[in-house]
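[1] Got a predicted model here, sequence first, then my questions.
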Amino acid sequence: MRNVRNTRNRRITALAAALLASSLVTAVPHSPAAADAGGGAGAGRPSPVGAAARLGVDLDTVTIPELQARMGDGLLTSSALTRAYLQRIKTIDPKIDAVLRTDPTAMRQAAASDARHRRGAVRGLLDGIPVLIKDNVNTRGLDTTAGSLALAGKPPGTDAVLVARLRKAGAVILGKTNLSEWANFRAAKPTSGWSAAGGQTNNPYVLDRNPCGSSSGSAAALAASLAQVAIGTETDGSIVCPAGMNGVVGHKPTLGLVSQDGVVPISAEQDTAGPMARNVVDTALTLSVISGNGIALPRGAAGLTDTLTRPNDLRGKRIGLWRLPSLGPKVDALMTRTAKKLRAAGAEVVEVTPPYQKRLAELEFPALLSEFHRDIDAYLATRHGPRDLAGLIDFNRAHPAERTCFAGQELFEQALVAPSTNDPKYRSMRAELTDLSRRSIDETMAAHRLDAIASPTNPPAWTTDCARGDNDVIPSSTPAAVAGYPSLSVPAGFVGELPVGVLLMAGDHQDAELLSLGAAVEHRLAAWRAPQYVPSVGTDATG
């Protein structure tokens with residue numbers, strides 16, 4: 001088993017190296033046309049001022065390899081980069097409320113990175129790169145609340161394993177992002193992006209629209225260029241849906257590839273943290289660090305290009321298109337245009353419908369209730385505050401601030417009385433879930449000889465409404481989430497002013513292959529553009 005795992009780890013490391021070389025050879029993955037369309041100081045979009053204007057790079061489009069190249073040449077410091085992002089948080093975040101708190105040690109972390117760069121002791125490609133962390137991932141000495149006042153003011157004493165890996169790689173922990181409270185596993189009709197600790201995060205593209213949950217703050221912050229990369233977490237859709245709805249890239253890794261130690265749980269059978277960024281290159285490089293497979297910073301691209309898979313090469317790739325017309329005719333039309341572009345790049349696109357989806361929908365929620373009770377009790381035992389789920393329910397009843405957007409905690413109450421994970425009925429249910437979800441992907445890919453399955457990640461963002469709650473029945477994330485297989489959302493285009501992603505999924509531990517394919521899809525679609533912070537649009541403009 002160790003040899004198999006090491007082989008998979010080497011594939012991720014090799015992919016990161018190849019993508020590094022690719023970015024140095026082919027420059028920014030976003031097309032100039034896309035950058036020109038949204039990269040200027042258009043109506044509603046803040047002009048680059050202060051520290052950001054003096055960097056000599058466009059924070060909207062620059063990649064980690066480009067930043068490291070400038071640092072290596074002495075044209076940029078981590079201190080200047082970190083200062084620029086902190087200033088953007090100060091000036092832009094009040095529009096979207098994505099960042100809960102910044103780390104008061106961020107500038108000291110950046111100065112330490114600058115010292116390593118000066119003496120030639122760089123730890124890797126993330127050394128000096130500012131990273132935002134979702135607020136359900138433990139950071140020592142810095143509040144980690146899962147959005148709940150129950151954990152506020154009582155920071156954990158140790159880092160989550162993935163945060164420790166980021167620190168070891170030299171990354172600058174910039175701060176914590178807002179999220180849907182308890183990762184959207186509290187109320188029957190929650191409002192994504194809202195937490196009692198952080199209020200409501202807004203979609204940067206249209207401010208009265210929702211950012212999707214639960215890694216809403218991480219995705220919205222990246223769309224607004226408030227950090228270079230961010231960490232999200234997912235049980236089912238909570239990395240990829242926010243990524244799609246905020247026009248960025250999000251990767252849900254294979255289950256177990258990234259340690260969940262120190263991450264507030266829903267279910268050990270499905271939970272994973274994962275990287276989010278504005279491009280696939282930065283996403284892959286971040287995965288190579290948080291999965292424990294970091295690569296050394298090379299002096300150049302020489303030697304790497306021999307194994308380079310160029311990002312515009314889709315020739316011979318077979319992609320299954322799962323349309324999901326339930327997301328609306330405008331999304332379906334966008335998927336038709338997406339398929340046409342992929343075919344023009346040499347890919348073969350065939351229409352597919354993965355089986356067993358109705359049964360997965362019936363089984364997943366009851367299984368998660370049992371797993372949440374087990375796993376949240378174990379996590380709360382490590383923190384100051386309520387010691388178990390029953391204590392958490394009592395806390396919410398006693399604190400009116402926890403009920404200012406929506407009052408319900410029906411999922412908590414159902415989980416409290418759900419069957420134990422030792423119950424034979426539960427164990428049978430989880431076994432069937434795992435079997436059917438994996439077969440839904442494996443059988444579809446084998447039958448059509450696919451490299452990946454593609455589907456729309458999200459509908460256009462709905463209006464945020466505490467009274468109504470979310471409108472987020474989005475089935476595309478479920479097969480990979482329940483199977484523990486990887487998925488990746490990259491920007492596909494827009495419906496009106498609102499981004500829509502294309503979700504790519506593949507088989508067990510195919511993360512490296514999926515990211516490589518995602519880089520090619522990203523390059524071909526060239527769909528990214530910067531947000532304009534429009535206050536509102538009519539429903540006719542978005543579908």
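    Looks like it arrived, so ask away. Predicted model, so just to flag it, every value in this text is computed and none were measured.

[2] Tell me where the stretch 51-200 of the chain is predicted with low confidence.
    Applying pLDDT under 70 to the stretch 51-200 of the chain flags residues 51-52.

[3] Apologies, that question was intended for the stretch 401-543 of the chain.
    541, 543.

[4] all helices of the stretch 1-150 of the chain, in order?
    2-26, 32-38, 50-53, 64-72, 78-96, 106-118 (DSSP state H, counting those that start in this stretch).

[5] For stretch 217-236, buried residues please.
    Residues of stretch 217-236 classed as buried by neighbour count (16 or more other CB atoms under 10 Å): 217-236. The way it works is simple: take the backbone N, C-alpha and C, and place the C-beta from them, glycine included.

[6] now do stretch 283-291
    Neighbour counts using 16+ other CB under 10 Å place 283-291 of stretch 283-291 among the buried residues.

[7] again, but for stretch 501-516
    By 16+ other CB under 10 Å, the buried positions in stretch 501-516 come out as 501-507, 509-516.

[8] Among the residues you listed, which one sits closest to residue 339?
    Residue 339 lies nearest to residue 502 out of the buried residues of stretch 501-516, by CB to CB, at 9.6 Å.

[9] That closest one and residue 90, how far apart?
    Separation of residue 502 from residue 90 (CB to CB, to the nearest Å) stands at 34 Å.

[10] what do you get for residue 528?
    Residue 528 is 25 Å from residue 90, by CB to CB.

[11] And these two? Which one has more around it.
    It is residue 528, of residue 528 and residue 90, that has more neighbours when counted by other CB atoms under 10 Å, with 26 against 13.

[12] Helix or strand for the more buried one, just tell me which one.
    Using DSSP states H and E, residue 528 sits in no helix or strand.

[13] pretty sure it contacts residue 247?
    Yes. Counting by CB atoms under 8 Å, residue 528 touches residue 247, with 6.3 Å between them.

[14] Now for the two: what residues contact both?
    Both residue 528 and residue 247 are contacted by residue 491, under the criterion CB atoms under 8 Å, 6 or more residues apart in numbering.

[15] export stretch 520-539 as CSV, just CAs?
    This file holds the C-alpha atoms of stretch 520-539, laid out as CSV (Å, rounded to 0.1, in the frame of the first residue of the first chain):
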residue,chain,number,x,y,z
ALA,A,520,-5.9,22.4,-20.7
VAL,A,521,-9.6,23.0,-20.3
GLU,A,522,-8.9,26.3,-18.5
HIS,A,523,-6.6,27.4,-21.3
ARG,A,524,-9.0,26.6,-24.0
LEU,A,525,-12.1,28.2,-22.4
ALA,A,526,-10.3,31.3,-21.2
ALA,A,527,-13.4,32.2,-19.3
TRP,A,528,-12.1,34.2,-16.4
ARG,A,529,-12.8,37.9,-15.9
ALA,A,530,-12.5,40.1,-12.8
PRO,A,531,-15.6,41.0,-10.8
GLN,A,532,-17.2,44.4,-11.2
TYR,A,533,-19.0,44.5,-7.8
VAL,A,534,-22.3,45.3,-9.4
PRO,A,535,-24.9,46.0,-6.6
SER,A,536,-27.8,44.1,-8.3
VAL,A,537,-29.1,42.8,-11.6
GLY,A,538,-32.6,41.7,-12.6
THR,A,539,-33.5,38.0,-12.9
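
[16] Any buried residues in it, and which?
    Result for stretch 520-539 [16+ other CB under 10 Å]: buried residues 520-534, 537.

[17] Among these, which one lies nearest to residue 419?
    Nearest member of the buried residues of stretch 520-539 to residue 419, counting by CB to CB, is residue 521, at 41.5 Å.

[18] Identify the residues contacting that closest one.
    Neighbouring residues of residue 521 by CB under 8 Å, 6+ apart: 314, 342, 454, 490, 502, 504.

[19] Please apply the same query to residue 370.
    Contacts of residue 370 by CB under 8 Å, 6+ apart are 415, 418-421, 423, 426.

[20] got it, and residue 153?
    residue 143.

[21] what does residue 430 give?
    Residue 430 makes contact with 269, 367, 371, 421 under the criterion CB under 8 Å, 6+ apart.

[22] which of these lies closest to residue 200?
    Closest to residue 200 out of the contacts of residue 430 is residue 371 (28.1 Å), distances taken as CB to CB.

[23] which secondary structure element contains residue 454?
    Using DSSP H and E, residue 454 maps to strand 452-456.

[24] what comes into contact with that strand?
    Strand 452-456 is contacted by residues 244, 317, 319-324, 327, 331-332, 334-335, 338, 349, 352, 354, 441, 444-445, 476, 479, 492, 500-506, 514, 517, 521 when judged by CB under 8 Å, 6+ apart.

[25] go with 7 Å
    Contact partners of strand 452-456, identified using CB atoms under 7 Å, 6 or more residues apart in numbering, comprise 319-322, 324, 327, 331, 335, 352, 354, 441, 444-445, 476, 500, 502-506, 514, 517.

[26] How about residue 501: what's its closest non-neighbour residue?
    Closest residue to residue 501 in three dimensions, ignoring its sequence neighbours and counting by CB to CB, 6 or more residues apart in numbering: residue 244, at 2.8 Å.

[27] From residue 117, how far off is the one you found?
    Applying CB to CB, the value for residue 244 to residue 117 is 35 Å.

[28] where along the stretch 251-400 of the chain do the helices fall?
    Using DSSP H, counting those that start in this stretch, helices in the stretch 251-400 of the chain cover 280-290, 329-344, 357-380, 389-398.

[29] Please, where are all the strands along the stretch 101-250 of the chain?
    130-134, 172-177, 194-195, 199-200, 229-234, 249-252 (DSSP state E, counting those that start in this stretch).

[30] most packed of these?
    strand 249-252 (a mean of 32; mean count of other CB atoms under 10 Å).

[31] coming back round to it: tell me the one of the contacts of residue 521 nearest residue 98?
    residue 490 (20.5 Å).

[32] what's the burial count for the closest one?
    34.

[33] what's the spacing between the closest residue to residue 224 other than its chain neighbours and residue 540?
    Closest residue to residue 224 apart from its sequence neighbours, by CB to CB, 6+ apart: residue 204 at 4.8 Å. In this structure, residue 204 and residue 540 are 21 Å apart, going by CB to CB.

[34] Which one's more surrounded, the two?
    residue 204 (31 against 7).

[35] if I look at that one, how far off is residue 125?
    Taking CB to CB, one finds residue 204 at 27 Å from residue 125.

[36] do the same with residue 288
    From residue 288 to residue 125 the distance is 8 Å (CB to CB).

[37] cool, residue 137 as well?
    21 Å.

[38] Kindly report the same for residue 390.
    For residue 390 relative to residue 125 (CB to CB), the value is 45 Å.
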